[in-house]
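S.K.: got a predicted structure plus its sequence, pasted below:
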Amino acid sequence: MSSLLREVIPLALAAAISPVIFLLQLNTLTGDRPIARGAALTAGAAIVLIVVSTIGVLIGDTGFSTTTPSKPGSISPSASC
């Protein structure tokens, strides 16, 4: 019974953190050729992250102004009280 608990407790903790990812990886790694399937899953996730990040950078705003800053020590009209 204690050996079963030693196997199940880490699985339960992993499922409590993220059950969807845990089930996806469990399904991927328990099938035929687990290394190849795991590598394909990792490559697919990396490609999606790269594409989404690139789109975000291309259409996103950095929040920095492109205008030249005023002289140091001067107060801009928008910052006055």
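M.R.: Happy to help now that I have it. Predicted model only: the values in this text are computed from it and were never measured.
S.K.: for the rest of this, base every contact and every neighbour count on C-alpha atoms.
M.R.: OK.
S.K.: and residue 53, how far from residue 47?
M.R.: Counting by CA to CA, to the nearest Å, the gap from residue 53 to residue 47 is 10 Å.
S.K.: oops, could you answer that again for residue 12 instead?
M.R.: Relative to residue 47, and taking CA to CA, residue 12 is found at 30 Å.
S.K.: report the mean per-residue pLDDT for the longest helix along the chain.
M.R.: The longest helix of the chain (DSSP state H) is helix 34-59. The average pLDDT for helix 34-59 rounds to 89.
S.K.: helices or strands up against that helix?
M.R.: helix 19-29 (3 or more CA pairs under 8 Å, 6 or more residues apart in numbering; DSSP states H and E).
S.K.: tell me what the helix it packs on is packed against?
M.R.: Right, helix 19-29 is packed against helix 2-17, helix 34-59 by 3+ CA pairs under 8 Å, 6+ apart.
S.K.: quick one: the longest one to chain centroid distance?
M.R.: Spelled out, it's helix 34-59. 10 Å (CA atoms, centre = their mean, to the nearest Å).
S.K.: which of the helices and strands packed on helix 19-29 sits closest to residue 23?
M.R.: helix 2-17 (7.8 Å; CA to CA).
S.K.: please save the CA atoms from the closest one in CSV.
M.R.: Taking C-alpha atoms only, helix 2-17 is exported to CSV below (Å, rounded to 0.1, in the frame of the first residue of the first chain):
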residue,chain,number,x,y,z
SER,A,2,2.8,2.4,0.8
SER,A,3,4.5,1.8,-2.5
LEU,A,4,1.3,2.6,-4.3
LEU,A,5,1.0,5.9,-2.4
ARG,A,6,4.6,6.7,-3.3
GLU,A,7,3.7,6.4,-7.0
VAL,A,8,0.3,8.1,-6.8
ILE,A,9,1.1,11.1,-4.6
PRO,A,10,3.4,12.8,-7.2
LEU,A,11,0.9,12.1,-9.9
ALA,A,12,-1.8,13.7,-7.9
LEU,A,13,0.3,16.7,-7.1
ALA,A,14,1.1,17.2,-10.8
ALA,A,15,-2.6,16.8,-11.7
ALA,A,16,-3.5,19.4,-9.1
ILE,A,17,-1.2,21.9,-10.7
